[in-house]
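Novice: got a predicted model here, sequence first, then my questions.
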Amino acid sequence: FGAVWRLVRRDKWAPERALRLVGGEGVPPFGGCPPQAWALLESPRFGEFDTSSLKLVGGGGAPAPPELVKRVDAGFGRSRPNIGYGMTETNAFGPGNSGDDYVSHPTSTGRTIPILQVDIRDPDGTPVPVGERGEIWMKGPNLIRGYWNRPEETAATIVDGWLRSGDIGRIDEEGFVYIEDRAKDMILRGGENVYSAEVEAAIYEHPGVYEAAVFGVPHERLGEEVAAVVVPRPGVHLDADQLREHVAARLAAFKVPTKGVVVDEQLP
């Protein structure tokens, strides 16, 4: 197509090494999971490296906190943020979001691509109204035919040509797809659905937070309760009560973590 692309990769992740390669090799797009873009921006040596070659910074693999989208758009000069949603079963094809659309819809993975249909369905497989949450189903020529020598798993995952993703999401009136969480990661607290990604996004808005992970833990009366593990930025003191107050100002009370742990080591 009149252009030659060179892939620059490392076997072991190190933010400063990645920044050096971006400048030394003139890398146009940086692709990875959101914590890697966050690590680049958080590097104390970030300003020492030339990142002017970058046009896109993003990737996929997990939802990006809205705060990261803003920081990528402002922190890399002319580079714009981007994200894509795909699975091995879709040959990595799926909705994508970048540039102005991503800045204006930072919690969305974008609109679907022409070859792929996306539906939001209830547990019975019936499509739900626009804006309502449900499981994301996808259909297109890019889907796998099935799992090798696993007919039962194939039948449970691919139904009438539609792939059941196992992800919970919604589609708005403009066609933007929002991934709320993995179905198996959703926390069911006293009959209320709590989506880990939503709570993590709220935690990341705290200026002292470097990393966060939210998950459910067993509770005798409620079934599950919300827990969070947070890594503060270097030199910042955080405690669980501060974080609870921060989340409580942004989300409903039942979504606020009742158990919180602040640790010094980066999350695995």
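Specialist: Alright, I've got the coordinates. Numbers count the residues shown, from 1 in each chain.

Novice: what's the first helix or strand after the helix or strand encompassing Ile120?
Specialist: Secondary structure from DSSP states H and E places Ile120 in strand 117-121. Note on strand 117-121: by DSSP H and E, the next helix or strand toward the C-terminus is strand 134-139.

Novice: about what we covered before: and the angle from the strand holding Ile120 to strand 134-139?
Specialist: 150 degrees (axes from the mean of the first three to the mean of the last three CA atoms, to 10 degrees).

Novice: what comes up buried for strand 117-121?
Specialist: 118-121 (16 or more other CB atoms under 10 Å). Every residue, glycine included, has its C-beta placed from N, CA and C.

Novice: counting by contacts, list what it packs against.
Specialist: Applying 3 or more CB pairs under 8 Å, 6 or more residues apart in numbering; DSSP states H and E, one finds that strand 117-121 makes contact with strand 134-139, strand 162-171.

Novice: now the helix or strand following the longest one: average pLDDT?
Specialist: What that stands for is strand 162-171. Toward the C-terminus, strand 162-171 is succeeded by strand 177-182 as the next helix or strand (DSSP H and E). The pLDDT scores in strand 177-182 average 87.

Novice: could you tell me the angle between strand 177-182 and strand 162-171?
Specialist: 110 degrees.

Novice: now the spatially most central residue of the chain: closest residue in space that isn't a chain neighbour?
Specialist: Residue closest to the average C-alpha location in the chain (CA atoms, centre = their mean): Pro63, at 0.8 Å. Leaving aside its chain neighbours, Pro63 sits nearest to Ala197 (4.6 Å; criterion: CB to CB, 6 or more residues apart in numbering).

Novice: can you map out the strands along the stretch 151-268 of the chain?
Specialist: 158-159, 162-171, 177-182, 187-189, 192-194, 209-219, 223-232, 259-262 (DSSP state E, counting those that start in this stretch).

Novice: show me what counts as buried in the fourth one.
Specialist: The reference is to strand 187-189. 187, 189.

Novice: the second one now?
Specialist: Neighbour-count burial for strand 162-171, counted by 16+ other CB under 10 Å, picks out 162-165, 167-171.

Novice: next: the last one.
Specialist: Neighbour-count burial for strand 259-262, counted by 16+ other CB under 10 Å, picks out 260, 262.
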